[in-house]
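Fold the following and give me the result.
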Amino acid sequence: MKNKRQATLIGLIAILLWSSIVGLIRSVGEQLGATGGAVMIYTATSVLLLLTVGFSHIDEFLQRYLFWGTILFVSYELCLALSNGYADSRRQVIEVGMVN
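Okay, here's the model as predicted:
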């Protein structure tokens, strides 16, 4: 039962973090620019991930999975960060978040 509650808590935290990414990108992007803000967020996130989880064993994954997963993830995050960073108003940012 404890594992089930822990998994539920982790899932809820993931939803909260995922839903706050649009506002985070916008607020950091206003200070550092659209691309600079995205670079800062994802660099800090990568460092935090490495410190908390560590390196994974990449050789255990299929190369095709790593290739397409990387291409699709980077494309998604790049489009999200740039569409958010180049929005003219906060209303457009909310629309980007709703589409996301």
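
how about the helix-or-strand element of the chain with minimal mean pLDDT: buried residues?
Lowest by mean pLDDT, DSSP states H and E among the helices and strands of the chain is helix 90-99, with a mean of 83. Along helix 90-99, these residues count as buried under the neighbour rule (16 or more other CB atoms under 10 Å): 93, 96-97. The C-beta positions use only the backbone N, C-alpha and C, and glycine is treated the same way.

For this structure, just list every one of the helices.
Assigned by DSSP state H, the helices in the chain fall at 2-32, 34-52, 63-85, 90-99.

Taking helix 63-85 as reference, get the angle to the first one.
Right, the one you point to is helix 2-32. Orientation check (axes from the mean of the first three to the mean of the last three CA atoms, to 10 degrees): helix 2-32 against helix 63-85 gives 50 degrees.

What residues of helix 2-32 count as buried?
Neighbour-count burial for helix 2-32 flags 21-22, 25-26, 28-29 (criterion: 16+ other CB under 10 Å).

just the residues you listed now: which is nearest residue 15?
Minimum distance to residue 15 across the buried residues of helix 2-32 is 11.1 Å, recorded for residue 21 (CB to CB).

about what we covered before: quick one: residues in contact with the least confident helix or strand of the chain.
Helix 90-99 is contacted from outside by 19, 22-23, 26, 80, 83-84, 87, using CB atoms under 8 Å, 6 or more residues apart in numbering.

what distance separates that helix from the centre of its chain?
16 Å (CA atoms, centre = their mean, to the nearest Å).

relative to helix 2-32, how tilted is it?
Here helix 90-99 points in a direction 150 degrees away from that of helix 2-32 (the same axes, to 10 degrees).

Using PDB, write out every CA atom in helix 90-99.
Extracted C-alpha coordinates of helix 90-99, given in PDB (Å, rounded to 0.1, in the frame of the first residue of the first chain):
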ATOM      1  CA  ARG A  90       0.500  36.700 -21.700                       C
ATOM      2  CA  ARG A  91      -2.900  35.700 -23.300                       C
ATOM      3  CA  GLN A  92      -1.000  34.000 -26.100                       C
ATOM      4  CA  VAL A  93       1.200  32.200 -23.500                       C
ATOM      5  CA  ILE A  94      -2.000  30.800 -21.900                       C
ATOM      6  CA  GLU A  95      -3.200  29.700 -25.300                       C
ATOM      7  CA  VAL A  96       0.200  27.900 -25.900                       C
ATOM      8  CA  GLY A  97      -0.300  26.200 -22.500                       C
ATOM      9  CA  MET A  98      -3.800  25.100 -23.400                       C
ATOM     10  CA  VAL A  99      -2.600  23.700 -26.700                       C
END
